[in-house]
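Enquirer: fold the following for me, if possible:
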Amino acid sequence: MSQPRANFTTPKGTILPILNQRGKEYLEVKYRVVWFREEHPDWRIKTEFRELNDTHTIARAEIQNDKGDVMATAHKREDKAHFPDHMEKAETGSIGRALALIGYGTQFAADELDEGKRLVDAPSNPPEEPKEDPNNPATWIYPFNYPEGAKGVALGDLGTDGIMACGKSLADWKQRFAEGKSKVAFPAEAQKFMDAMREMLKKPGGKS
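Expert: As a prediction, this is how the structure comes out:
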């Protein structure tokens with residue numbers, strides 16, 4: 001089975017890094033914007049908030065060409081329970097979806113355009129979920145939202161940099177909760193992942 005590539009080169013030669021999300025290639029929205037601007041510096045990305053309150057945000061993004069014609073629109077909802085910065089996350093997500101609709105990062109959109117088990121236009125047998133071995137942390141699926149792009153990836157696929165980033169994110173969360181700066185409790189499961197990643201970093205490549 002082929003492994004996801006480490007980067008993508010735009011037609012103009014700019015090298016953009018690609019994340020590995022549970023075996024799927026993912027190009028972050030900021031890099032899709034770089035690629036988009038290289039080819040269309042005179043096009044516009046417009047965003048607005050359809051809903052914005054203390055619990056959630058629904059953002060809308062619109063891509064316009066140099067004549068003002070709308071080339072694509074997309075929406076994204078984010079909840080405060082998942083992201084404290086739900087406004088920013090929703091806006092970024094809507095931009096990413098809109099760019100994917102006109103071909104910028106479509107093949108690297110991971111779950112953004114993935115219907116998963118809820119197919120919108122045809123019945124299908126849902127794919128089998130990857131199995132986790134409770135005795136092998138490398139198979140554990142990272143369940144938290146930070147850092148962006150890590151959620152849903154097996155620890156063994158994160159690599160050393162990914163494990164370090166996730167570990168730091170959990171450590172920061174734990175400290176913020178201990179200091180009363182975060183109202184989201186730090187669960188025992190998070191500590192389990194911290195301990196597992198700490199052990200994995202002791203091994204070459206950050207893998208078991």
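Enquirer: wait, T160 touches L201, no?
Expert: Yes - between T160 and L201 there is a contact under C-beta atoms under 8 Å: 6.8 Å. For the C-beta atoms, the positions are set from N, CA and C on the backbone; glycine is no exception.
Enquirer: pretty sure W43 contacts F36?
Expert: Yes - using C-beta under 8 Å, W43 makes contact with F36 at a distance of 7.4 Å.
Enquirer: who has more neighbours out of these two?
Expert: With neighbours defined as other C-beta atoms under 10 Å, W43 and F36 compare such that F36 has more, 21 against 17.
Enquirer: hmm, R44 and that one touching each other?
Expert: No - counting by C-beta under 8 Å, F36 does not reach R44; the two are 10.8 Å apart.
Enquirer: and the residue located most distally from the centre of the chain, how far is that from F193?
Expert: Going by C-alpha atoms, centre = their mean, the residue of the chain most distant from its centre is K67, 31.9 Å out. Distance of K67 to F193, computed by C-beta to C-beta, to the nearest Å: 50 Å.
Enquirer: again with L16
Expert: 28 Å.
Enquirer: could you do G162 as well?
Expert: According to C-beta to C-beta, G162 stands 12 Å off from F193.
Enquirer: tell me the mean pLDDT for the host helix or strand of N20?
Expert: Assessed by DSSP states H and E, N20 sits inside strand 19-21. Averaged over strand 19-21, pLDDT sits at 74.
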